[in-house]
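S.K.: Compute the structure for the input listed below.
(5 chains, ligands or ions: 4)
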Amino acid sequence: MGTVILLALTGLGLAALYFLVASGLSLVFGLADVLNFAHGLFLGVGAYGTWWAAGNLPGAGPDGFGFVLAVAFGVAAGTLVAILVELVLIRPLYSRTIEQVLVTVGLSLAGVALLQATWGADARPFPRPDWTRQVTGILGAQVPNGGLLLIIAAVLVLGAILAFLRWTRYGLVIRAGVENREMVTALGIDVRKAFTLVFAIGGAAAALAGALGGVYFGTVSPGQGGSLLIFAFIVVVIGGMGSVVGSAYAAVVVGLVQQFVNYYGTSGLGDICVVGLLAVVLLLRPQGIAGKVATA
Amino acid sequence: MEPILSVTDLSVRISGLHILQGVSFTVAPTGVTVLLGRNGVGKTTTLRAILGLTPPAGEVRGTIRMGAQSLLSRPTHRLVRGGLGYVPEDRDVFAGLTVAENLRLAERRGTTPAYDKVFALFPELDRRGRQRAGSLSGGQQQMLAIGRVLLNDNRLLLVDEPTKGLAPKVVTEVAEVLERVAESVPVLLVEQNLAVVRRLAKDAVVLAAGKVAWTGDAGELLLETALTKSLLGVGSAEVAH
Amino acid sequence: MLATRGLTWRIGEVAIVDNVYLDLTPGEFLGVIGPNGAGKTSLFNLITGLRRATEGRITLDGRDIGALPPHRRARLGLGRTFQASSVFGSLSVRENVRLAVQAHRGGSMALWRRAAADREVAAAADAALDRVGLAHRGTALAGTLAHGEKRKLEIALLLAGEPRVMLLDEPMAGVSAEDIPELVAVIKSLTGDSDRAVLMVEHHMDVILELANRIAVMHHGALLACDTPETVMANPTVQEAYLGESL
Amino acid sequence: MTLLNVTPAPAPTASKPGRLHRVRPFLPLVALVVLAILPYSTITLPGIFEGPVNSPGTLQLLAICLIFGGLAAGYDLLFGRTGMLSFGHALYFAAGVYGTDVLVTRAGLPLWQAALLTVTGGTILAALLGAVALRTVGIAFAMVTLAFAQVGAILVARDFGGLTGGEEGLPLDVSGLPAGLVGVTNTVNLYWLALAYLTLVVFVVHRVSGSPTGRVLAGLRDDERRIGVLGLDPYRYKLVAFTLAGGLASAGGVVYVLIVGGASPHITSSELTLSLLVMVVLGGPGTRWGPVLGGVLYMYLDHRLTAFGTSDAVDNLPAVLSRPLSQPLFVLGTVFILAVYFFPGGLASLSSRLTPLARSLRPRPPH
Amino acid sequence: ATACGSPQDTATGGGDSAAPVKVGLVYSQSGALASYGKQYIEGFKAGLDFATQGTGKVGDRKIELTEVDDAGDPAKAVSAAKDLIGKGTKIIAGSTASGVALQVAPIAAQNKVLFISGPAATDAVTGANKYTFRSGRQSYQDVVTAKSFIGDPTGKKVVVFAQDGAFGDANEAAVKTVIGGAGATVSSVRAPASATEFTPFASQIKTAKPDLLFVAWAGTTAPAMWQTLDQQGVLSSTTVVTGLDIRASWPTFGAAGAKISFLSHYFDGASDTEASKALKAKVSTLDLFHPDGFAAAQMVVRAVQEGGDDVDKMVTSLEGWSFDGVKGKMTIRAADHALLQPMFQAKLTGSGTAFTATAQKSLTGDETAPPAVAMKG
Ligand SMILES: Nc1ncnc2c1ncn2[C@@H]1O[C@H](COP(=O)(O)OP(=O)(O)OP(=O)(O)O)[C@@H](O)[C@H]1O
Ligand SMILES: Nc1ncnc2c1ncn2[C@@H]1O[C@H](COP(=O)(O)OP(=O)(O)OP(=O)(O)O)[C@@H](O)[C@H]1O
Ligand SMILES: [Mg+2]
Ligand SMILES: [Mg+2]
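M.R.: Numbers count the residues shown, from 1 in each chain, chains lettered A, B, ... in the order given. Ligands and ions are numbered 1, 2, ... in the order given. Just a heads-up that it's a prediction; the model follows:
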C-alpha cells in the first residue's frame, strides 16, 4: 500500500513538472500556432535566473522570502526573454509557421549554447530551501516535499491560465488570430499585442517550471530544459493541441504510467509505454484527449 | 459635397504583376458607391489596398484619403477602429470559433455593440450562437460576416460581394439591409449581381484591366445599353431582368 | 443512375440531411435550390463520400457506394466542384488541369515516366481550359487567380475528369455578369450527352431555370419538392421560403 | 565558396538568355563531372578547408556534406514536395546506419549483402510505419512519426543484447570490407561513393517529382480532399512518397556508416530530423538544388564551426564575444536564424533575389 | 592554375630528424563534456612540459600539437582523425567520450598510427587493437576499487544501480565478475538514463536490502537520484559506493555526500608524487581528468623518444613500460595495453559549495588490474 501511495504521489509530482513545462508550450502552440522548440531555453533562463539571483541579488537567497524573490527574478527573466523572442524573431515571420518553428529550433541550439558558454556545461547546485529536500510522511509513504511543491504550483498555474483564457478577451483574439491574422486586424484589433502576451505567459510558465525543476533536481544545467521538452511535447499532443486542461490530464496519465511501469515492469518500459500511448491516442483521436475536432 | 474617401492614382504591384495601374475615384459621403468590373480586374485588390491589407510582397503607390486623413501606411487595425468596416470577399469568418465568439471578437472597445440590430436582421445568428462558424452553410457565413461589421458604428463600409452564394430571398434581405445601412453610413460596394446594383447604387466606378474605365451616376450607367455592353458586357435588358 | 434512399446525416440530434430520396436519370439536369443552410452542400458531401451518412443508401448504376471512400466513388464516374474554390494553389493553372486529366486516365503510380511528356494529357487539359476560357492564364499559379477565375478553374477540373454524374456546387457564385452566359454555355454543353447527368446547386434562379429540367427544393435538410421548374416555381412554399420578393 | 561554385545555381541570371538556355540542362552534368574529378586537384582554399582539396580530411568532410545533401533532398520529397511534415525521418537513416553496422560487425555478413538487406529492411520499415502514421494528418502525423523515431532511439540506447553498443555506439568492423573502402588513403573512394549517393537521390527525386505521381504529390501538398474527389487515393500516394523517402534515407545510412566507420546514437535523435528540416528550409523546400545546398552547407558549418570556435581569431576577441563564438552550436543556431530571415525562400531563391541587384548595378547601355 | 595531384596522396611525415613531430589532440572543447576536455588538455600541456623538461622538444625535434574539437561527436572525431592522418600525423590522443574513443581506435589501426585514448572510461578500448593505448582508467578498475569497501564478499548481497546502456552494462558486468566472482550475490536495478523520477528505483533497492549498493550513474540527473536515495532512506541503511566525479559536481551531492563511500580515479590531494607537484605548479586545483592528459603527454614523449617516426617502434616502446605519473606508478600492460594505475577510496566532507575530498586508502595498480583481454586487432 505504502508503495502504491508513494508511487502515485511521486508520479503526480512528475506529472506536475511535465504539466508546468507543457502548459506554456501548449498555450503558445495552441494559441499562437508556434511549435516552440525554444521553450527549453525559456526554462533554462528561468532556472539560471533563479540560481543567479539567489547568489547575487541583494535580498534574494536560498531560503524563505529570499527564495521567493529569487524565483520571481527567474520568472521575470524568462518572461522578458520570451517577449524579446516574440518581438524580434517571431513577429516578423507571422503566418509563416514553418519558418517560425525553425527559428525556435535555431534559438534552442544557440540559446542552450549561450547558457553553456556563460555558465559552463556542468551542473550547478541549485539554491533551495532546506525543507524542499525533506520528506513528508503520508499514509506510510515518505513523499519528497519537492514533489509536493510542484503539485501545488501546477494546480495554481492551471487555475491562473484558465482564468486568463476565460475572463479576458485575449484568448479569443489569439485563437482567431491564428486562423486568420489579417481578418482580426480588419476587425480593428491589434493582434500583435495579443501574441506577445501569449509568449510572455508561456515564457513565464516555462521559467517557473525551470525554477521549480531546479528545486526538484537540485541542480541546474544548460541541457535540462531540452531533456524535459520531449515529454512535455508528448503531453501537449496527447492532451490536445492548445487545450491546457487536456495537458493537465495528459500530464497526470503520463506521469503515473511512467512511474508505475518503471516500478512493476522493467526499466525503460515506462518511456516506451508513454510513447506508445501517444501513438495510440493519436491514431484513435488525432485531435488529442481534449482537442476540438478540426474540420475544413 | 466633400467625398468621404478619395483614391488618387492608386497603383498596386504584387510580385511583378501590375494589378492596379493608376486608379482614381471618390466615394460620396452618403449612399452606396459601387465598384464594378469583370473577374480579376482588381476590385478586391482596391478594397484591400484601402485597408492596408496588400500582401507584404506587394507595393502600393498613390494616395488614399478619408477626409483630411491619409490612410496609406497606417496600420489596418487603427483604420478599422477609426470607423472603416470591412466585409471580405471570402467571408473570412473564424472557422474554429463559435458564431457568438466571432461576434464578440468584432466588438470594439468603448462602444456598445448593437446586437439587437444584428439579430433582428439575421435571427439565424442568434439561434446558432454556439455553432462553430466553420460548419455554417455558405450563406450563414455571409450573414455572420456582415453582422460582424454592423455591430459597430462605422464611417465607411467596404463590402466585397456580399450577396455571393446567397439564396434569392436572402439576397433581397441583404440588399435591404445595405440599403438601410447606407442611409446612415456610406458604403463602397463590390457586387456582381446587377439587380442588387440597380437597387442600391447611387454612383458607380467601373474598372477594366487595372484602370478606371468609367465613373458616374449608377442609374445612368445601367440605363445606357451601349455603356453597359461595352463596360460590363451585358445589355441593359439583361440588367433589368 | 444515381439514387439516394432515405439518406440522412445527423450531428447529435439535428438532422442536417433528412431522409432524402433522390433519383437522377441519364441525360437529366437536376437543379437543387433551397435557403442557405438547407443542407445542399452537405448532401453533395454525402454523395461524394467526404462525409459518411448516418442512415440511408446511395447507389450509382445500382451499385451501393455508401461505404466507398471519395476516390473510389470518383473513379466510378462521380465528379464535383466545391462551393469554396479548392484548387491546387501552388501549381500552375495548366498543371491543375493536367492533374485532373491524369487522375481520370487511371492515376497509375508511374514514378519514372516524365509527366510533361504525355501529349495526350496535355492536349486534353488544354482543351478543358479552353472550354472555360482560361487558356490565357495557363501559367499563372492557381493560388493567385482572382475569385471568378478560380470558379472557372474548378469547372475545368471537373471537365477534365469527364465524370458521368456531375455535382456542381454554386458554380456561378462570384462570377462576373459578363462571364455568366459563357459559363452557362459550357455547363450546357456538358449535358448534351444522354448518358450523363448533372446535379447543380445554384442560387442564380435564371441560370437554374435555363439549365435544369427538374428542380429539387431542400429545406431544413429535407426534400420539399422535386418537380418540373414550372411547378416548383409556382409552389407557394418555395416562393415564400426561398425566393422571397424578387428584386 | 567552392561548394557553391561547383553546384549549379538554380536559376542563372538572365544576362545572356540565349546561350545560357542552351547550356542550362547540362549544368548539373558539368557540376557532377567537376565534383567527380575534384579529388585530383591539389588546390588549397585557406580558411575553407584545412588542407588541399584532395587531402583525406577535406574529402572526408566533403563526403559527409554530400551525404547530407542527399538526405536533405530525400527528405524534401516528403516535406517540400508532398507537404508531409515528418519528425521521424532520422529513424530510417539510423536504420541504414545501424542495420549495416550490426549486420557487418555482429553477423559478419559481407558488405553488399548487409547493404542490400538494410536498404530493403529500411524501406519495409518505412512502409509499415508509414502505413500506420499516415492514418493521421498534420501535426498529429508529425508527432506519431516522432514517437516512432523516439522508440527507435530508446531501443538503440537500451542496447538490447549488446547489439547496438548503447550510448557508446558501434564501431564498424572493417576486416570483411573491400580494401578500397578502408584506410585514410582510400577516403577518396568514400567520397565518390557519397557523390554517387547524392547523384542517385537527386536523380530519383527529380524523376519522381516530374512524373505523374510527382504531380499528384504536389497536388496533395495543396489540397488533399480535392485529390480524393478527383479519384486518386491520397493515402496510397503519400505512402509511396513516405516509403521511397525512407528507402533513400536508409541507403544514405549505408554510405554514411562506411564514411564514419561506425554508428553512434546521435543519429537516432529527433534533432537529426530537425536538422534535416533546417537544411531543407535553409536551401529552399520543393526546389531541385535548394535542399542539396542546404544539406551541404549545414553539415559544412556543423563540422567547420568547431574549428572556427577554437581559432585564434575568436580566442583573441573579448570574453563576451569569444565565449559564445567558441560554442559551435551557438554560431550554427545564429547563422540559421539569420538565414531564415534573410533568405526567406532558402538559398535556392538567392539567385533570383540577386538578379535585380546585379541588373541595377550593371551600367545601362545608352539607347 | 589548377594544381593536379593524385586522389590518394597523403603527406608523408617527417623522416627528417630535425622536423617537428606532429601530435593531434582530438577531444571535446565544446559540448556536454567540454569541462572534462579542459582538464585533459591542461594536464597534457603540463605533462609535456614535465616530460620534456620544459623544452617542448624530444631531442632536437619539437612536439607540434594540433588541437581539434570533436564536440563529443564520433563523426567529427573521425573526420578530424582522418584529416590529421592525411597530413602526416602519426600520433593522435584525446577522446573524452567513450563513443569517440571506440570509433577513432579502428581508424588508428587501419592507418597504423598511434592512438592514446583519454578520459573515455569504456573497457572496450583496452585491447581494441595494437595501435590503441589508454591514458586514463577504465570502468573495471572502478569496480575493483568498490569491492575493497566490503571486505570479504562471500555471502554478501550486492546490488548494482546503473543506467541503461553500455555504461551501465559494463559496470554491471564488471561487478558480477569482480564481486560476484568473489562469492557475493549480485543483482541489479536499472533505470533509463533519461529518468527524472527515481522513487520506484529507490523502492526496489530498499526492498532488496543489499549489503553493498554500487551506483553507476553519469549525467545531470545524478543529484536528483542521490536526493531520492537519501530521502527514501537507502543511503543510511547500507554501504553505498560510487565513483567520485569532477569537483564541480561535489556540491550537488548535498547532504547525501557524507553518507556515500567514494571510489576515486583522482582528486586534488589524492597523491603526492613528483608529477603531481609539477602538475599543481601549472594548474592550481587538480581534478579528475588532469592525470589522464598528463599521462598521455608522458606516453607521447616516450613514444617519440624511442620510436622516432616509426609507429611500430613506438608501440613496442610503450608496451610494458612503467612510469611515474600523477597518480603514482603506472604500467602499460603489454598484452592488452590496459593502464595499470593506483585507485583511491575517498570521503567527502563539507557543506554549501565548499566540499573537500580526503583519501581513505589507495590501491596499487596491481590490486586494481583488470583481467587481461585478447588483443582484438
Ligand atoms: N497575392 C497575389 N499574387 C499575385 N497576383 C494576385 C494576387 N492577388 C491578386 N492577384 C491578381 O490580381 C488580379 C486582380 O485580383 P482581384 O482579386 O482584385 O480581382 P477582382 O476584381 O476582385 O476579381 P473577382 O471578381 O473575381 O473577385 C487577378 O488577376 C489576380 O490574379
Ligand atoms: N459539422 C457541422 N456541425 C454542425 N452543423 C453543421 C455542420 N456542417 C453543416 N452544418 C449545418 O448544416 C446545415 C447545412 O449546411 P450546408 O452547407 O449543407 O448548407 P447549404 O444548403 O449548402 O447552404 P448554402 O446555400 O448557404 O451553401 C447548416 O445549417 C450548417 O450550419
Ligand atoms: Mg474579388
Ligand atoms: Mg452550400
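S.K.: mind listing what's buried in the longest helix belonging to chain A?
M.R.: Taking DSSP state H as the criterion, chain A has its longest helix at helix A:2-32. Of all the residues in helix A:2-32, those buried under the rule 16 or more other Cβ atoms under 10 Å in any protein chain shown are A:3, A:6-32. Where C-beta positions appear, they are placed from N, C-alpha and C, glycine not excepted.
S.K.: before we move on, what about stretch B:75-92?
M.R.: B:76-77, B:79-92.
S.K.: That one vs chain D: in contact?
M.R.: No. Taking Cβ under 8 Å from any Cβ of the partner chain as the criterion, stretch B:75-92 and chain D are apart, separated by no less than 15.3 Å.
S.K.: near ligand 2, anything from that stretch?
M.R.: No. Stretch B:75-92 does not reach ligand 2 (Cβ under 6 Å from any ligand atom); its nearest approach is 10.6 Å.
S.K.: Single out the residue in chain C that lies closest to chain E.
M.R.: C:Leu111 (32.0 Å; Cβ to the nearest Cβ).
S.K.: Am I right that that residue sits in a strand?
M.R.: No. Assessed with DSSP: H, G, I helix; E, B strand; the rest coil, C:Leu111 is coil; it does not lie in a strand.
S.K.: Tell me, how many residues neighbour it?
M.R.: Residues contacting C:Leu111 under the criterion other Cβ atoms under 10 Å in any protein chain shown number 16.
S.K.: Please apply the same query to the one 10 residues further on.
M.R.: C:Val121 is flanked by 22 other residues according to other Cβ under 10 Å.
S.K.: Just give the closest residue to the residue most central in space within chain B, not the sequence neighbours.
M.R.: In chain B, the C-alpha nearest the mean C-alpha coordinate belongs to B:Val159, at 1.5 Å (Cα atoms, centre = their mean). With sequence-adjacent residues excluded and distances taken as Cβ to Cβ, 6 or more residues apart in numbering or on different chains, B:Val159 is closest to B:Val87, at 4.5 Å.
S.K.: residues near the residue lying closest to E:Pro153 once chain neighbours are set aside, how many?
M.R.: Excluding the flanking residues, the one nearest E:Pro153 by Cβ to Cβ, 6+ apart is E:Ala184, at 3.9 Å. Number of residues near E:Ala184 (other Cβ under 10 Å) recorded here: 22.
S.K.: Against E:Thr66, how distant is E:Ala184?
M.R.: 47 Å (Cβ to Cβ, to the nearest Å).
S.K.: Could you do B:His77 as well?
M.R.: From B:His77 to E:Thr66 the distance is 60 Å (Cβ to Cβ).
S.K.: Please apply the same query to E:Phe355.
M.R.: Distance, E:Phe355 to E:Thr66, using Cβ to Cβ: 37 Å.
S.K.: what's the answer for A:Val45, then?
M.R.: Noted for A:Val45: a distance of 37 Å to E:Thr66, by Cβ to Cβ.
S.K.: These two: which has the busier surroundings?
M.R.: Ranked by neighbour count (other Cβ under 10 Å), A:Val45 and E:Thr66 place A:Val45 first, with 27 against 16.
S.K.: So the helix or strand hosting the more buried one, near chain E or not?
M.R.: Assessed by DSSP states H and E, A:Val45 sits inside helix A:39-56. No. Using Cβ under 8 Å from any Cβ, helix A:39-56 stays clear of chain E, coming no nearer than 9.4 Å.
S.K.: got the CA positions of that helix in PDB?
M.R.: Taking C-alpha atoms only, helix A:39-56 is exported to PDB below (Å, rounded to 0.1, in the frame of the first residue of the first chain):
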ATOM      1  CA  HIS A  39      10.700  26.600 -24.800                       C
ATOM      2  CA  GLY A  40      13.700  24.800 -23.300                       C
ATOM      3  CA  LEU A  41      15.600  28.000 -23.500                       C
ATOM      4  CA  PHE A  42      13.000  29.900 -21.500                       C
ATOM      5  CA  LEU A  43      13.100  27.100 -19.000                       C
ATOM      6  CA  GLY A  44      16.900  27.400 -18.800                       C
ATOM      7  CA  VAL A  45      16.700  31.100 -18.400                       C
ATOM      8  CA  GLY A  46      14.200  30.700 -15.600                       C
ATOM      9  CA  ALA A  47      16.400  28.200 -13.800                       C
ATOM     10  CA  TYR A  48      19.700  30.100 -14.300                       C
ATOM     11  CA  GLY A  49      17.900  33.400 -13.500                       C
ATOM     12  CA  THR A  50      16.800  32.000 -10.100                       C
ATOM     13  CA  TRP A  51      20.200  30.500  -9.500                       C
ATOM     14  CA  TRP A  52      22.000  33.700 -10.300                       C
ATOM     15  CA  ALA A  53      19.600  35.800  -8.200                       C
ATOM     16  CA  ALA A  54      19.900  33.600  -5.100                       C
ATOM     17  CA  GLY A  55      23.700  34.200  -5.200                       C
ATOM     18  CA  ASN A  56      23.900  37.800  -6.400                       C
END
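S.K.: E:Thr252 - how many residues pack around it?
M.R.: E:Thr252: 27 surrounding residues under other Cβ under 10 Å.
S.K.: Tell me who's in contact with it.
M.R.: A:Ala123, A:Arg124, A:Pro125, A:Gly218, A:Thr219, E:Ala222, E:Pro223, E:Trp226 (Cβ atoms under 8 Å, 6 or more residues apart in numbering or on different chains).
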